[in-house]
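# Quick one: sequence plus predicted model below, questions after.
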Amino acid sequence: MGTGGPAPPAAGTLAHQLIAAHLVEGAALPGEEIGLRVDQTLTQDATGTLVMEELEALGVDRVRTGLGVSYVDHNILQTDRRNAEDHLFLRSAARRFGLWYSGPGNGVSHPLHLQRFGVPGRSLAGADSHTCAAGALGMLAIGVGGLDVALAMAGHPLRLRMPRIVGIRLTGVLPPWVGAKDVALELLRRHGVKGAVDRVLEYHGPGLAALTAMDRHVLATMGAELGATASVFPADEAVRAFLRSVGREEDFTELTAGPEARYDLSEEIDLSGLEPLIARPSSPDDVVPVREAAGEPVSQAVVGSCADPGLRDIAVVAALAHGRRVAPGVSLDINPTSRGVLLDLTRMSATADLIAAGARIHQAGCLGCIGMGQAPATGRNSLRTVPRNFRGRSGTEEDAVWLCSPETAAVSALTGRITDPREWAAETGARHPELALPDPAATVATLEEPLPPDVARTVRPERGPGISGLPELDPLPDTLEGPVLLTAGDNVSTDDIAPAGAAALPLRSDIPAPAAFTFTRIDPDYPRRAAETPGPHFVVGGDNYGHGSSREHAAITPRHLGLRAVLATSFARIHRQNLANFGILPLTFDDPGDRDRIAVGDRLRLEGLHGSLAPGAGPVLRVHNITRGEHYAVHHRLSARQCEAVLAGGVIPALARRTRTVEAHSSARE
Ligand code: MIC
Ligand code: SF4
């Protein structure tokens, strides 16, 4: 990404300041493992039930971070008892462990968190890949797997590889009909879905002045689509104005990069030169100007998610729809991101405009973004303002989901064809709406405060029959031998590995049940073959393996089916860590060409693993392809701590082993 600057090491950036303020382990040198103090945590229901089980497994009595919030925003369609029982479990576990609880109907975690709890300079670890959204307020906000969040709640540092810091200088002013989503799509057009792996995207420059905190939320959220570790914005007047608007100006602290800030890599975006952009099906980085896609018939438009979180993002749709009708045959689905946004839309009569125009208004939450309802018809174009459009994520296998701004989605819903809003404005004489937004109704979320410790201790988490507990994790054998059960290309997403959607998501608290969906987007027969294979097996992938969400189900469900090592040409950050956390070896080919030499059914063998992963051993291993009589050099990029976890079968057994060792030593001394 970018051309990079000359020799002196990066320093003085806001990201460096935030990292230095939270560094408790390691040195902040790119690639080194560092440990960060975590001030706040966030979980959501689809990842959160496991986090609560992990807290129990770790023996946590009460969370040790300053603030933890458990949100319910994903699994809010209640087509049977499961989701409602998960909500009961989450609420009771929040009460037990000293967490805030945000129940169904309050809205998507990320904008809610910014409004209610966001504080410049604080660190946030969240069990959702879009936790990076809070970077919009000058926070150090990092999405990780649920177990890493549970560990942070238990008082452990958040461990990750020190990223490189990319400075993105914004200049100019966005033209009418071009919004923050188009800036994010421009970055995806330039760099692709792995363009920022192990990097922090730090925004600066004069172009920031006209971007509100919610515009920045859009950009910060979409950092996850580039694979970034975090997105960072300065805490400036726009952030002060946001905090004032939600009644918390006292939480504002000004934070900016130092005058001598040096970035590892730099680039510039002239906002004035941007035009409306759209990502074609089915990858967020297949981006073209809207005018190139113009004329394609539209069957659905879905607006509302953590990638268009602000009141303005939906109010603009209402203003464009005012006095007009959605084109016949088009479904315009509106998902207000929070209860507050829904109330504000109603107070400003925007809800009435949307209803009169023929839009369908839904409850606040993730909904269609994660395939919880709103599944489109096969092959019919669905324009969405959400961050991701991986194939099948909408709930329809052969879907055709495009990603665009609320303006493009609204105008296209009105015309029934993909339409460049500027062209439409030229034809109709419409102007970009000037929105008079009410002061936000920030306090309408029905949040429940943590209970005091003595009361919390009396609460028993309410565990329904669909909450089955964590799987047993056995240690890694010294020799791993088994067949390759799946080979895949580049950019395998966690949606490919552990599909979400209305069928699979409600099963998430009962690991054997979602395991039946594992890899079915790539090969419907994988779960059967895995179940019939005695002993361990392997999976082979390409570049950026496991990108997308933070769901640790993408590690746990294949592990449950016997997966013990993934060989790929590169890995996405969160998934690599999730694999190690659950005792699966993530191995990278030294020669990327070797990947194509391996076929499904080949028998592979890795020997002497206990020595290879022992402290001080190098990162190189040799894989023997018994079927072809070949050997491949591979390496791991695991820290000593991660090697220990993989050897023990996962982080939880590794910690249990440590505790046993300490206890054995102390009883020997007695
Ligand atoms: C997503 O957008 O993919 C999700 C659903 O929010 C996930 C979390 C999950 O799978 O539960 C994420 O982004 O981490
Ligand atoms: Fe929810 Fe979609 Fe945002 Fe994930 S990306 S948190 S599913 S709105």
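Here it is on my side, so go on. Numbers count the residues shown, from 1 in each chain. Ligands and ions are numbered 1, 2, ... in the order given.
# Spell out which parts of the stretch 251-400 of the chain neighbour ligand 1.
residue 370 (CB under 6 Å from any ligand atom). All C-beta spots, glycine's among them, are computed from the backbone N, C-alpha and C.
# Please identify the residues of the stretch 251-400 of the chain in proximity to ligand 2?
Taking CB under 6 Å from any ligand atom as the contact definition, the stretch 251-400 of the chain meets ligand 2 at 305, 306, 366, 369, 370, 386, 387.
# My guess is the second one contacts residue 221. True?
Yes: counting by CB atoms under 8 Å, residue 306 sits close enough to residue 221 to count as a contact (5.0 Å).
# intersection of neighbour lists for the two?
Shared contacts of residue 306 and residue 221 (CB atoms under 8 Å, 6 or more residues apart in numbering): 110, 130, 133, 387.
# List the residue ranges of the protein that fall below the pLDDT cut-off.
Within the chain, the stretches with pLDDT under 70 are 1-7, 441-443, 670.
# What is the neighbour count of residue 241?
Residues lying near residue 241 (other CB atoms under 10 Å) number 13.
# what's the answer for residue 262, then?
Residue 262 has 19 neighbours, counted by other CB under 10 Å.
# Okay, buried residues for the strand or helix carrying residue 190 please.
Here residue 190, judged by DSSP states H and E, is contained in helix 180-191. If you call a residue buried by 16 or more other CB atoms under 10 Å, then helix 180-191 has these buried ones: 180, 181, 182, 183, 184, 185, 186, 187, 188, 189, 191.
# Please apply the same query to stretch 601-618.
For stretch 601-618, burial by neighbour count (16+ other CB under 10 Å) applies to 602, 604, 606, 609, 612, 613.
# Equivalent analysis for stretch 259-272, please.
For stretch 259-272, a neighbour-count test (16+ other CB under 10 Å) marks 261, 262, 263, 264, 265, 266, 267, 269, 271 as buried.
# Centre of the chain to it, how far?
How far stretch 259-272 lies from its chain's middle: 25 Å, per CA atoms, centre = their mean, to the nearest Å.
# With stretch 605-621 instead?
Centroid separation between stretch 605-621 and its chain, computed with CA atoms, centre = their mean, is 32 Å.
# Other residues contacting it?
Stretch 605-621 is contacted by residues 476-481, 565, 585, 587, 590, 622-624, 626, 633-638, 640, 643, 646-647 when judged by CB under 8 Å, 6+ apart.
# Please put the alpha-carbon coordinates of it into PDB.
Provided in PDB are the C-alpha atoms of stretch 605-621 (Å, rounded to 0.1, in the frame of the first residue of the first chain):
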ATOM      1  CA  ARG A 605       2.600 -36.100   7.300                       C
ATOM      2  CA  LEU A 606       4.200 -33.700   9.700                       C
ATOM      3  CA  GLU A 607       6.700 -35.200  12.100                       C
ATOM      4  CA  GLY A 608       8.500 -34.100  15.300                       C
ATOM      5  CA  LEU A 609       6.000 -31.300  16.000                       C
ATOM      6  CA  HIS A 610       6.700 -31.200  19.700                       C
ATOM      7  CA  GLY A 611      10.400 -30.300  18.900                       C
ATOM      8  CA  SER A 612       9.500 -28.000  16.000                       C
ATOM      9  CA  LEU A 613       7.100 -25.900  18.200                       C
ATOM     10  CA  ALA A 614       9.300 -26.000  21.300                       C
ATOM     11  CA  PRO A 615      10.700 -22.700  22.600                       C
ATOM     12  CA  GLY A 616      13.700 -21.600  20.600                       C
ATOM     13  CA  ALA A 617      13.000 -23.800  17.600                       C
ATOM     14  CA  GLY A 618      12.900 -22.000  14.300                       C
ATOM     15  CA  PRO A 619       9.700 -21.400  12.300                       C
ATOM     16  CA  VAL A 620      10.400 -23.900   9.500                       C
ATOM     17  CA  LEU A 621       8.700 -27.300   9.200                       C
END
